[in-house]
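Undergrad: no sequence on this one, just coordinates:
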């Protein structure tokens, strides 16, 4: 019985279709890689990603990769900081321009109100002068009438 089970196990495990599961499937199509030369089907740890392996093969390579990562991080920090400072300067410039425009608008509004008040005062003054002139003419006419009635 044990020999029959052993033969059955060897027959099943030795079958080529079952052995195929241990290897990546064959890619059918124009290319067996995706973009950047990365294999489409890769199983397991340490597979190439964009032509690079996920781990260092030696201690020195690990040290150099670490130093490169630190340098790259510093460069990215410098780039992001400079972009942030440029954005800050642009925002400050725009804020200053908005303040200048608002100040000009307030000055224009103030000038308009002042001109309107001056115009109203001039109209009132002219109306008052006309009233005074009419009153003086009426008094003059009354004097002439009174002088002619003697």
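TA: Great, that's in hand. These numbers were taken from a predicted model, which means no experiment stands behind them. Numbers count the residues shown, from 1 in each chain.
Undergrad: the longest helix in the protein is where?
TA: With secondary structure taken from DSSP state H, the chain has its longest helix at helix 59-148.
Undergrad: tell me what that helix is packed against?
TA: If you count contacts as 3 or more C-beta pairs under 8 Å, 6 or more residues apart in numbering; DSSP states H and E, helix 59-148 packs onto no helix or strand. C-beta coordinates here come from the backbone N, C-alpha and C atoms, glycine included.
Undergrad: hmm, which helix or strand of this protein has the shakiest average pLDDT?
TA: Using mean pLDDT, DSSP states H and E, helix 16-19 stands out as the lowest-scoring helix or strand of the chain, at a mean of 50.
Undergrad: Show the average pLDDT along the longest helix of the chain.
TA: Averaged over helix 59-148, pLDDT sits at 94.
Undergrad: Residue 65: how many residues sit nearby?
TA: When neighbours are counted by other C-beta atoms under 10 Å, residue 65 registers 13.
Undergrad: Likewise for residue 127?
TA: 10.
Undergrad: from now on call the first residue 46
TA: That works, and once the first residue is 46, the last one we named lands at residue 172.
Undergrad: Distance check, it against residue 178.
TA: Distance, residue 172 to residue 178, using C-beta to C-beta, to the nearest Å: 11 Å.
Undergrad: same check, this time on residue 115
TA: 93 Å.
Undergrad: what does residue 166 give?
TA: 18 Å.
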